[in-house]
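Engineer: sequence below, structure please.
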Amino acid sequence: MRAAFLALTALGWMGSTLVWAEPLGCLIQPYQEADIGSQVVGVIEQVLVERGDFVKKGQPVVQLNAQVERAALQSAKLRAEATAELRAAASNHEFAQKKKVRTEDLYQKNFISQQATDQAVTEAQVAEMRLRQAREAQRLAQQELALAQAQVAQRTIRSPLSGVVVEKYLSEGERVEEKAVVKVATIDPLKVEVIVPASYFSRIKQGMSATVKPEGPEAEARGAKVIVVDKVIDAASNSFRVRLELPNPNQSLPPGLRCKVEFDAGAAAADNGAPKPGVQPAADNAHAKPAADNAVPKPGAQPSAANAHAKPAAHASVAAVVK
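Structural biologist: Just a heads-up that it's a prediction; the model follows:
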């Protein structure tokens, strides 16, 4: 009887490494959510989306009143496009340089005084400084234009992610300060949050597969993948959290549903039993042969005397039960 009990215990332990206890409860949630607000204070001119609308990343969702900013943009654009002062400074510089050359040539021939030469040189230097000043003013006008464009762009609120509009908090005419205007959630893919007992900690690995079965009479089981495994176990509940990624290409599965999840037992067993690449087996196991190799001799090979009466552990246990 003791042998039978030990055999059944061994078989049960072997089975427990490949079979999970029961499906774990889980919750399907949006993969990402964002309460979209404004960088600047303003009054809503138009809300461009409604609850339930699908939006893409970068799509405008709210337009704020921007009359003052558009007027400032037009002024900055005119200043940036005004080139008359720059052209005048360039012409004056060119003339001053030619005058300087002629004056120096006349001075070499003793037709004019040193004072006239110095005056021509000074005028050429002043003309060059004014040309540089005009170019700097042109670059500054370009920077002011970019600033005005950025200020106008801030009056348009865009979605930071692709998804569906979940909530609409404000309407046209309301003032925007710190409160969000709309809420957007990504529902393809979805994320599944699971609270897992601590006894499973070493068996669940990032990247392993799982099957998620949403609650509901017509809900179908879907494949998911583990993307996050907490590294710390909660002492109060003796559990840890696992997050899965659940594809939802047609947006047919709504977030918020409760579900059941079963992790791939084969993947867990393979992960725990298979040696990692580049790692040599331990010395005690280096010469150990699988049970199948010990039980079934290779064709043409005679069993050794030492192994002639050796049986696999599982076969020995089964034999003990039969007896």
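Engineer: hmm, Ala127 is touching Lys99, no?
Structural biologist: No: counting by C-beta atoms under 8 Å, Lys99 is not a contact partner of Ala127; they are 9.3 Å apart. C-beta here means a position set from N, CA and C on the backbone, and glycine is covered the same way.
Engineer: neighbour-wise, which of the two wins?
Structural biologist: Ala127 (21 against 16; other C-beta atoms under 10 Å).
Engineer: how near is that one to Asn248?
Structural biologist: 69 Å (C-beta to C-beta, to the nearest Å).
Engineer: then Val242?
Structural biologist: Distance, Val242 to Asn248, by C-beta to C-beta: 19 Å.
Engineer: show me which of those two is the more surrounded one.
Structural biologist: Shown here are Val242 and Asn248; by other C-beta under 10 Å, Val242 has more neighbours (25 against 19).
Engineer: any idea whether the more buried one is helix, strand or coil?
Structural biologist: strand (DSSP: H, G, I helix; E, B strand; the rest coil).
Engineer: what's the closest non-adjacent residue to it?
Structural biologist: Val194 (4.5 Å; C-beta to C-beta, 6 or more residues apart in numbering).
Engineer: can you report phi and psi for Gln74?
Structural biologist: phi -60, psi -40 (degrees, to the nearest 10).
Engineer: burial of it, as a residue count?
Structural biologist: With other C-beta under 10 Å as criterion, Gln74 counts 10.
Engineer: confidence score at it?
Structural biologist: As predicted, Gln74 sits at a pLDDT of 94.
Engineer: what about it, distance to Val40?
Structural biologist: Gln74 is 19 Å from Val40, by C-beta to C-beta.
Engineer: which parts of this structure belong to which domain?
Structural biologist: For the chain, automatic domain parsing gives the domain ranges 21-31+186-273, 35-64+158-182, 68-154.
Engineer: helix or strand right after the longest strand along the chain?
Structural biologist: What stands out as the longest strand in the chain, according to DSSP state E, is strand 182-197. Using DSSP states H and E, the helix or strand that follows strand 182-197 in sequence is strand 209-214.
Engineer: need the contact partners of the helix or strand just after that following strand.
Structural biologist: For strand 209-214, the following helix or strand on the C-terminal side (DSSP H and E) is strand 222-229. For strand 222-229, the external contacting residues (C-beta atoms under 8 Å, 6 or more residues apart in numbering) are 191-192, 204-214, 240-247, 253, 261, 263.
Engineer: who does strand 222-229 pair up with?
Structural biologist: strand 209-214 (antiparallel), strand 239-246 (antiparallel) (DSSP bridges).
Engineer: in the longest one, what counts as buried?
Structural biologist: I take that to be strand 239-246. 239-240, 242-246 (16 or more other C-beta atoms under 10 Å).
Engineer: what does that strand contact?
Structural biologist: Contacts for strand 239-246 (C-beta under 8 Å, 6+ apart): 26, 28, 31, 189-198, 201, 204, 210, 212, 222, 224-230, 232-234, 253, 261.
Engineer: and stretch 72-83, by the same measure?
Structural biologist: By C-beta under 8 Å, 6+ apart, stretch 72-83 touches 138, 141-142, 144-145, 147-149, 151-152.
Engineer: which stretch in the domains of the chain has the least confidence?
Structural biologist: Among those, domain 21-31+186-273 carries the lowest mean pLDDT, at a mean of 88.
Engineer: from the chain's centre, how far out does the helix ranked longest in the chain sit?
Structural biologist: For the chain, the helix that runs over the most residues, judged by DSSP state H, is helix 114-154. Here the centre of helix 114-154 is set off from its chain's centre by 45 Å, with C-alpha atoms, centre = their mean, to the nearest Å.
Engineer: check which helices and strands it is in contact with.
Structural biologist: Counting by 3 or more C-beta pairs under 8 Å, 6 or more residues apart in numbering; DSSP states H and E, the packing neighbours recorded for helix 114-154 are helix 67-81, helix 84-108.
Engineer: any chance of those in CSV, with distance to Gly58 too?
Structural biologist: CSV is the format used below for the helices and strands packed on helix 114-154 (distance: least, C-beta to C-beta, whole Å):
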stretch, distance to Gly58
helix 67-81, 20
helix 84-108, 36
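Engineer: out of these, nearest to Gly173?
Structural biologist: Gly173 sits nearest to helix 67-81 of all these, at 14.6 Å, using C-beta to C-beta.
Engineer: from Gly37, how far out is Val152?
Structural biologist: 18 Å.
Engineer: same question, Ala153
Structural biologist: Counting by C-beta to C-beta, the separation of Ala153 from Gly37 is 16 Å.
Engineer: more neighbours: the two, which one.
Structural biologist: Gly37 (16 against 13).
Engineer: contacting residues for that one?
Structural biologist: Counting by C-beta under 8 Å, 6+ apart, Gly37 touches 157, 176, 178-181.
Engineer: state the distance from it to Val212.
Structural biologist: 33 Å.
Engineer: over to Val242?
Structural biologist: For Val242 relative to Val212 (C-beta to C-beta), the value is 12 Å.
Engineer: quick one, phi psi at Asp53?
Structural biologist: Per degrees, to the nearest 10, the backbone of Asp53 is at phi -80, psi 140.
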